[in-house]
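Asker: From the sequence below, what's the structure:
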Amino acid sequence: MSLTWKTVHRLWLGVAILGAALLIHLAIYLSLPERGESLSFKLLAAGLGCFALALMGFAVWLTPPRLERIRRLVSPWEWLYLVSGFVLLVFFGLNLRPEWFYAHAALVLAAVFSLGYWSFFDANVIASPWGRCRIGFVIVAVILVTLLRLYGLTTSPEPEIVDEPWVLGWAISYLKVGHPVNWIMLGIDGDPAYYLPRYAQAMAAWMRLIGTGYWEARVFSFLVAMAVIPFMALAAKNLYDRPTAFFTAGILFTSNVLLFGARVRHDIGLALAMAISLWLYSEARKRNRPVLHLLAGVFMGWGLFSHYHATLFGLVMLIGLYGPQYLRQLDSGRYWPETDVWLYGIGGLLSGASVAAIQILPDVNTFIMRLEARNPRNPGEFINAVFGHIGNVPYHSQFQAVLIGLGFLSSLRRREYLPVIIIILGHLALGYLALVAFKHYVIPLAPFYALVTARLFRAGVERTSTIVTRGMVVTFAAFLAVSLGTSLHSPVQHLINREPLRLPAPPVVDWIKQNLQPDETILSDNYYFLWLYDYRFASILIPEHLPKAERERYQQNPESLWEEVSIKVIIYDPALPTHDRFEHLFAEGFLKTGGFHEAAQFGDVVVYRHR
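Answerer: Residues are numbered from 1 along each chain as shown. Model prediction:
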């Protein structure tokens, strides 16, 4: 049966209010400078405005007899309603611009579609088990989406032209010399840098199998991101139920935060360590096996092999997993933590010690030097950093950020504190660990964003979950369709434009390969290392990453560093964000006194070569 008239009427009035808010939002959006100038946006704005007005009118017009009449008319067309609605929502998601108005519009569309199903069809019927046809459709869809993402991987997520070449150099160092080297920064001669995360070693092993390059390295990070999904689904099943597991998997598969981990960086390895730790914790609770608590702590500690943020994230996990249980224990007068807590902590300390022995102690001085100026120096900086990291969630997707926020509030209402505590403390930890709120630092929290969002669709704001109905599944699928479209925007554009699988090399790269020997040294922005990893490559950012004593010496005599490095070719690209680092070379006359002349020019890109 469908919803009662009282419930239907109340929900349609609520959605009408949401539509009225959309009209106000549209008016504000149009009042801003340089808004609404394009014809396509004018048509979209007119369409959404009419839709919002019609929505409000429909909510007022609807009466019990009219509702029954609509139900009789549309009941034979349930599949047409579902298919056309999902296609529309995916299409709208594909064209969703990164602005709050578009997120608001998407929420209204998904809500209206979902409420329409609840109102006009048998939404309260228990959802039937999936047959082979449905399972086959989902498998085919997942494969096609995955292939599309792999095809567009060099442009989605957007390339980061400082960190990605840098980390790629870490991985390539294993292929060249067999040990970690800060290749383009401090280790141009192959000097070991043992403090670098061993995540790069796993990436190197992958590239040894399939080939070396930017796309190949991104495929590795993408696969690590996809590996997070099954572990989180299994954890959600153990902690909650099977529907929450499926919802968590679907949300993660479309999560822009998780997919951002496909960059050539190491944050995604920490996300995987946290997902495995949560799964082992859930297995320990389900099977009542204390040794699994120890293993959960071990895998959390091994997150240090991916990112040093695991130090505080390990404490966050400990408090999030065992804190609520300990508070209940205090109510009964027992103050000593249970064995499970100690086992998790001991596991983390043991694995952390193993990481320190391999990765930190052999290069402890450099490790300490690299930690300089990363932490906030006062409470004001800490607060700004925390809010900066929180603000990075809507950077990835405003639509998904709204769902995360609603899921967070609904979990609070249901007193499901585990993911809530980890999200809160995780952002506080990031505020302390990273003064500069880079967009990739929130990636390890993506599994827990997905968990609270999944619980929103599974249990709503109720404190106890109920059976899974068709309406619940359709509602979840409606909002997921928008998220799927959002996550596929760049890969679809990549396909439409018929762009190549790998990032095309700029013309200057071809010139370098034709005119330079691999043992000659290139000075350039990190960006060009994505193609020139077979050459001795010195980043223009080297001075900023020298030890303090050498940095002071360089400031007194800037040219001395580049003379010691023995630069043969300089690539200057004024379009790159780090081009200003070349200014001292031009201002001090280094090019002329150092014997450099202009050897080639490609547009604004200039190549200087040593005579």
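
Asker: When you work out contacts or count neighbours from here on, use the C-alpha atoms and nothing else.
Answerer: Fine.

Asker: Poorly predicted segments of the stretch 451-600 of the chain, please.
Answerer: Along the stretch 451-600 of the chain, segments meeting pLDDT under 70 span 460-466, 548-549, 553, 555-556, 558-559, 588.

Asker: Tell me where it has strands.
Answerer: 521-524, 536-539, 567-572, 596-602 (DSSP state E, counting those that start in this stretch).

Asker: want to try CSV for those strands, with mean neighbour count and distance to Ala193 as columns?
Answerer: Shown next, in CSV, are these (neighbours: other C-alpha atoms under 10 Å; distance: least, C-alpha to C-alpha, whole Å):
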stretch, mean neighbour count, distance to Ala193
strand 521-524, 24, 20
strand 536-539, 24, 16
strand 567-572, 22, 22
strand 596-602, 15, 32
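
Asker: Quick one, which of those strands gets closest to Ala217.
Answerer: strand 536-539 (18.6 Å; C-alpha to C-alpha).

Asker: Stretch 329-344: how far from the chain's middle?
Answerer: 35 Å (C-alpha atoms, centre = their mean, to the nearest Å).

Asker: Endpoints of that stretch, how far apart?
Answerer: Using C-alpha to C-alpha, to the nearest Å, the end-to-end distance of stretch 329-344 comes to 17 Å.

Asker: tell me the helices in the stretch 201-350 of the chain, going along the chain?
Answerer: 214-239, 242-253, 256-259, 267-287, 290-301, 310-331, 339-355 (DSSP state H, counting those that start in this stretch).

Asker: Out of these, point me to the one whose mean pLDDT is lowest.
Answerer: Sorting the helices of the stretch 201-350 of the chain by mean pLDDT places helix 310-331 lowest, at a mean of 91.

Asker: Tell me the helices and strands packed up against it.
Answerer: With contacts taken as 3 or more C-alpha pairs under 8 Å, 6 or more residues apart in numbering; DSSP states H and E, helix 310-331 sits against helix 267-287, helix 290-301, helix 339-355, helix 417-433.

Asker: any chance of these in a markdown table, plus mean neighbour count?
Answerer: Shown next, in a markdown table, are the helices and strands packed on helix 310-331 (neighbours: other C-alpha atoms under 10 Å):
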| stretch | mean neighbour count |
| --- | --- |
| helix 267-287 | 24 |
| helix 290-301 | 25 |
| helix 339-355 | 20 |
| helix 417-433 | 21 |
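
Asker: how about a markdown table for these, with distance to Ala52 added?
Answerer: Converted to a markdown table, the helices and strands packed on helix 310-331 look like this (distance: least, C-alpha to C-alpha, whole Å):
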| stretch | distance to Ala52 |
| --- | --- |
| helix 267-287 | 40 |
| helix 290-301 | 48 |
| helix 339-355 | 52 |
| helix 417-433 | 34 |
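
Asker: mind checking which of those is nearest Tyr195?
Answerer: helix 339-355 (9.8 Å).

Asker: Tell me how far Leu350 lies from Ala217.
Answerer: 30 Å.

Asker: swap in Val508?
Answerer: On the measure of C-alpha to C-alpha, Val508 and Ala217 end up 23 Å apart.

Asker: Could you check which of those two has the larger neighbour count?
Answerer: Comparing Val508 with Ala217 by other C-alpha atoms under 10 Å, the one with more neighbours is Ala217, at 26 against 18.

Asker: which residues does that one contact?
Answerer: 168, 203, 206-207, 264 (C-alpha atoms under 8 Å, 6 or more residues apart in numbering).

Asker: Narrow these to those that are buried.
Answerer: Listed as buried from these are 168, 203, 206-207, 264; burial here means 16 or more other C-alpha atoms under 10 Å.

Asker: Give the closest residue to Pro419 in space, chain neighbours not counted.
Answerer: Phe448 (5.6 Å; C-alpha to C-alpha, 6 or more residues apart in numbering).

Asker: His266 versus that neighbour, what's the distance?
Answerer: Taking C-alpha to C-alpha, one finds Phe448 at 18 Å from His266.

Asker: Equivalent analysis for Tyr535, please.
Answerer: Applying C-alpha to C-alpha to Tyr535 and His266 gives a distance of 24 Å.

Asker: neighbour count winner among the two?
Answerer: Just comparing Tyr535 and His266: by other C-alpha under 10 Å the higher neighbour count belongs to His266, 25 against 18.

Asker: Now do the same contact list for the more buried one.
Answerer: 197, 199-200, 221, 306-307.

Asker: wait, what's in contact with the closest residue to Leu55 other than its chain neighbours?
Answerer: Of all residues not flanking Leu55 in the chain, Ala16 sits nearest, at 5.8 Å (C-alpha to C-alpha, 6+ apart). The neighbourhood of Ala16, defined by C-alpha under 8 Å, 6+ apart, consists of 52, 55-56, 59.

Asker: Please tabulate these in CSV and include pLDDT, secondary structure and distance to Ala401 as additional columns.
Answerer: Converted to CSV, those look like this (pLDDT from 0 to 100; DSSP: H, G, I helix; E, B strand; the rest coil; distance: C-alpha to C-alpha, whole Å):
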residue, pLDDT, secondary structure, distance to Ala401
Ala52, 87, helix, 23
Leu55, 88, helix, 25
Met56, 89, helix, 26
Ala59, 88, helix, 28
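
Asker: I'd like to know which of the residues you listed is nearest to Thr486.
Answerer: Ala52 (22.2 Å).

Asker: I'd guessed that closest one sits against Gly19; true?
Answerer: Yes - the pair Ala52 and Gly19 qualifies as a contact (C-alpha atoms under 8 Å) at a distance of 4.8 Å.

Asker: Tyr608 in helix, strand or coil?
Answerer: With DSSP: H, G, I helix; E, B strand; the rest coil as the basis, Tyr608 sits in strand.

Asker: circling back to that earlier point, mean confidence score for the helix or strand encompassing the residue nearest to Leu55?
Answerer: Secondary structure from DSSP states H and E places Ala16 in helix 5-31. On average, the pLDDT along helix 5-31 is 87.

Asker: Next: stretch 151-159.
Answerer: 93.

Asker: ok, now which ones touch Tyr102?
Answerer: Leu96.

Asker: Any idea which of the helices and strands packed on helix 310-331 gets closest to Met317?
Answerer: helix 417-433 (6.3 Å).

Asker: Can you point out the buried residues in the helix holding Ala16?
Answerer: Within helix 5-31, judged by 16+ other C-alpha under 10 Å, the buried ones are 5, 8-9, 11-13, 15-23, 25-26, 29.

Asker: Which residue ranges of the stretch 351-500 of the chain form helices?
Answerer: Using DSSP H, counting those that start in this stretch, helices in the stretch 351-500 of the chain cover 364-370, 379-396, 398-414, 417-433, 446-459, 470-487, 489-496.

Asker: Looking at those, spot the one closest to Phe299.
Answerer: helix 446-459 (15.7 Å).

Asker: what's in contact with the closest one?
Answerer: 228, 232, 236, 243-244, 247-248, 251-252, 255, 257-258, 271, 275, 403-404, 406-408, 410-411, 419-420, 422-423, 465-466, 468, 472, 475-476.

Asker: May I see the PyMOL selection of the buried members of the residues you listed?
Answerer: Applying 16+ other C-alpha under 10 Å to those, the buried members can be selected in PyMOL as follows:
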select buried, resi 228+232+236+243+244+247+248+251+252+255+257+258+271+275+403+404+406+407+408+410+411+419+420+422+423+468+472+475+476
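
Asker: Much appreciated, bye for now.
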